[in-house]
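In: Based on what follows, work out the 3D shape:
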Amino acid sequence: MKGKDFKKLFSFFGPAYLIGVGYMDPGNWATDLAGGSSFEYKLVWVLMLSNILALFLQNLSTRFGIITGIDLARASRKYYPPKINFILYLLAEIAVTACDLAEIIGMAIGLKLLFGIPLIYGIYITFLDSFLILFLMGKKMKRLEIFIIGMISIISFSFLIELFMVKLNWVPIARGFVPSEIHGEALFIALGIIGATVMPHNLYLHSYLVSHQHKKGDEKANLQSTKFALWDTGIALNIAFLVNLSILILAAAAFHSRGFNKVAELEDAHRLLKHILGSTSSTLFGIALIASGQSSTITGTLAGQVIMEGYINIRLKPWLRRLITRSLALIPATLTLHFAGLNSLNGLLIISQIILSIQLCFAIIPLLQFNSLKAWMGNLSLSYPVKIFGWISVLFIIAINSYYLLSNISGLLTWTGDKGRFWFILSWIGLISGFLFLIFLILEPILNKARSKEFAKETKEISLRGLNEVC
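Out: As a prediction, the model looks like this:
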């Protein structure tokens with residue numbers, strides 16, 4: 001590789017770290033701790049599969065952004081009818097709120113662990129991180145990326161030190177990479193791991209970052225740019241994978257091996273680490289937790305703005321957008337803490353990750369369809385083998401979500417009285433509606449051939465640079 005190529009490669013490093021930090025947010029911690037403490041290393045392969053899916057989908061996101069010069073949300077507004085586009089927007093906003101909810105809970109717990117601040121006050125203190133975010137967003141993007149890389153370094157080194165403090169048995173860890181059958185509670189946690197790892201709002205943000213940071217060129221230049229972006233994505237997401245793997249291994253080695261098989265709560269993990277490995281370990285855990293929540297919230301803020309601006313063409317001031325997202329996330333956190341108590345927050349944390357897993361289906365279907373459109377992608381549209389792998393991934397995610405939701409809906413029948421029947425009927429209506437909407441999204445290009453042809457003709461008449469302005 002020539003010196004000029006190295007310089008260009010270096011210019012691509014940065015955006016993926018804004019994405020990668022979202023893959024190690026507090027929601028990941030809860031699912032990784034639950035998986036390691038309950039099932040030792042049996043869910044390692046789920047974590048690895050999630051990382052493979054994340055690499056694949058984020059690469060599709062960067063390809064689309066670089067080649068077309070527009071982001072996924074703007075493309076949805078251009079391609080889909082207004083009503084369909086608005087539904088996709090609402091689902092994307094739910095994902096951003098669910099992610100922010102995880103960051104609120106993680107930050108509040110981290111503040112309590114390190115400084116003894118009560119959770120209810122910690123939740124409201126998280127409002128203050130908006131000022132740090134607004135300050136960073138007012139600077140150059142590279143400075144923001146450097147800040148994120150600093151936070152990732154703190155998280156990574158904290159868990160690296162903790163792994164040195166615990167005795168590891170590498171044979172069962174290696175066996176954990178071999179896929180095995182999972183069901184019941186293991187499936188619940190596995191679904192949370194997938195939702196926490198493959199985050200839908202990051203697909204929107206990544207396509208936006210690369211489309212604005214790098215100028216679109218000819219086919220050869222675009223192909224080279226996608227390869228450079230793949231390096232950036234691969235390094236950042238594999239760092240995130242190693243952090244998540246470290247958390248799961250730490251939970252298995254420190255907790256499961258000593259008979260603590262139900263350590264899903266961050267506070268319990270902190271307390272047990274202090275008891276088993278000493279105060280240094282528990283302090284590192286708290287520091288890494290705060291760094292994780294603080295850095296992940298930046299990703300959520302940027303993604304929320306990209307989604308709102310792209311889908312419905314509304315651009316709010318950063319402070320207003322931030323306060324709206326944070327306020328929506330504060331409501332379930334405060335109500336859960338008030339009515340259900342401290343012990344329910346961790347359950348809410350895992351539920352937020354399952355919401356992300358469900359929403360992922362509604363993000364990756366348009367992503368695959370747009371990457372397959374020759375009207376936008378030209379000769380760099382997806383090949384048939386890649387399309388097949390992509391749709392297998394979609395069907396896999398839909399299948400595990402459907403299985404989990406069906407098993408839980410049937411459990412509502414055990415509730416007595418009108419309450420059980422109400423939630424049973426409501427859940428079925430929601431499940432069927434969501435499933436029909438997914439089918440519509442998949443078949444939409446076939447059902448609307450006339451509109452698709454008109455769209456293809458329209459996009460051929462304008463340059464991709466012009467398309468960026470039209471959108």
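
In: which residues does the residue nearest to residue 241 when sequence neighbours are not counted contact?
Out: Spatial nearest neighbour of residue 241, chain neighbours left out: residue 51 (4.2 Å); criterion: Cβ to Cβ, 6 or more residues apart in numbering. Glycine gets a C-beta too; all of them are placed from N, C-alpha and C. Contacts for residue 51 were tallied using Cβ atoms under 8 Å, 6 or more residues apart in numbering; they are 197, 237, 238, 240, 241, 244.

In: Quick check on the residue sitting nearest the centre point of the chain: phi, psi?
Out: Nearest residue to the geometric centre of the chain (Cα atoms, centre = their mean): residue 199, 1.8 Å. Here is the backbone geometry of residue 199 (degrees, to the nearest 10): phi -100, psi 120.

In: Only the buried members of the contacts of residue 51: can you turn that into a ChimeraX selection?
Out: If you want just the buried ones from these in ChimeraX, going by 16 or more other Cβ atoms under 10 Å, the selection is:
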select :197,237,240,241,244
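
In: Greatest separation within the contacts of residue 51: which pair is it?
Out: 197 and 238 (12.1 Å; Cβ to Cβ).

In: Any regions of the stretch 301-450 of the chain where pLDDT drops low?
Out: 318-319, 322, 326, 329, 336-351, 353-354, 404-424, 448-450 (pLDDT under 70).

In: picking up where we left off before, got the contact list for the nearest residue in space to the residue nearest to the centre of the chain that is not next to it in sequence?
Out: The shortest distance from residue 199 to any non-neighbouring residue, by Cβ to Cβ, 6+ apart, is to residue 22 (5.2 Å). Going by Cβ under 8 Å, 6+ apart, residue 22 touches 99, 199, 201, 202, 296, 299, 300.

In: What about the last one, how many residues nearby?
Out: Read that as residue 300. Other residues lying near residue 300 total 29 when counted by other Cβ atoms under 10 Å.

In: coming back round to it: the residue nearest to the centre of the chain and residue 23 touch, don't they?
Out: Yes: contact criterion Cβ atoms under 8 Å: residue 199 and residue 23 qualify, at 6.6 Å.

In: distance of residue 78 from residue 70?
Out: Distance, residue 78 to residue 70, using Cβ to Cβ, to the nearest Å: 8 Å.

In: Could you check which of the two is surrounded by more residues?
Out: Taking neighbours as other Cβ under 10 Å, residue 78 and residue 70 compare with residue 70 leading, 26 against 19.

In: SS state for that one?
Out: Using DSSP: H, G, I helix; E, B strand; the rest coil, the structure places residue 70 in coil.

In: I figured it hits residue 204, correct?
Out: No: the criterion here is Cβ under 8 Å, and residue 70 misses it with residue 204 at 11.4 Å.

In: picking up where we left off before, could you say which helix or strand contains the residue nearest to residue 241?
Out: helix 44-68 (DSSP states H and E).

In: List the first helix or strand encountered after that helix toward the C-terminus.
Out: By DSSP H and E, the next helix or strand past helix 44-68 is helix 72-79.

In: Check what contacts that next one and list those residues.
Out: With Cβ under 8 Å, 6+ apart, helix 72-79 has contacts from 61, 64-65, 68, 70, 85, 88-89, 92, 203-204, 207-208, 306-307, 309-313, 363, 366-367, 369-370, 376, 455, 467, 470-471.

In: Among those residues, which ones are in helices?
Out: Among those, DSSP state H puts 61, 64-65, 68, 85, 88-89, 92, 203-204, 207-208, 306-307, 309-312, 363, 366-367, 369-370, 376, 455, 467, 470 in helices.

In: hang on, the earlier thing: from residue 432, how far off is the residue nearest to residue 241?
Out: Taking Cβ to Cβ, one finds residue 51 at 32 Å from residue 432.

In: Residue 233 now?
Out: 36 Å.

In: Of those two, give the one with the bigger neighbour count.
Out: residue 233 (26 against 10).

In: Which secondary structure elements does the host helix or strand of the more buried one sit against?
Out: Under the criterion of DSSP H and E, residue 233 resides in helix 219-254. Judged by 3 or more Cβ pairs under 8 Å, 6 or more residues apart in numbering; DSSP states H and E, the packing partners of helix 219-254 are helix 3-11, helix 15-20, helix 26-39, helix 44-68, helix 141-165, helix 266-277.

In: Need those in CSV (columns: mean pLDDT and distance to residue 121).
Out: Below are those laid out as CSV (pLDDT from 0 to 100; distance: least, Cβ to Cβ, whole Å):
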stretch, mean pLDDT, distance to residue 121
helix 3-11, 57, 43
helix 15-20, 76, 29
helix 26-39, 79, 18
helix 44-68, 89, 34
helix 141-165, 77, 23
helix 266-277, 75, 15
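
In: Many thanks, I have nothing further to ask.
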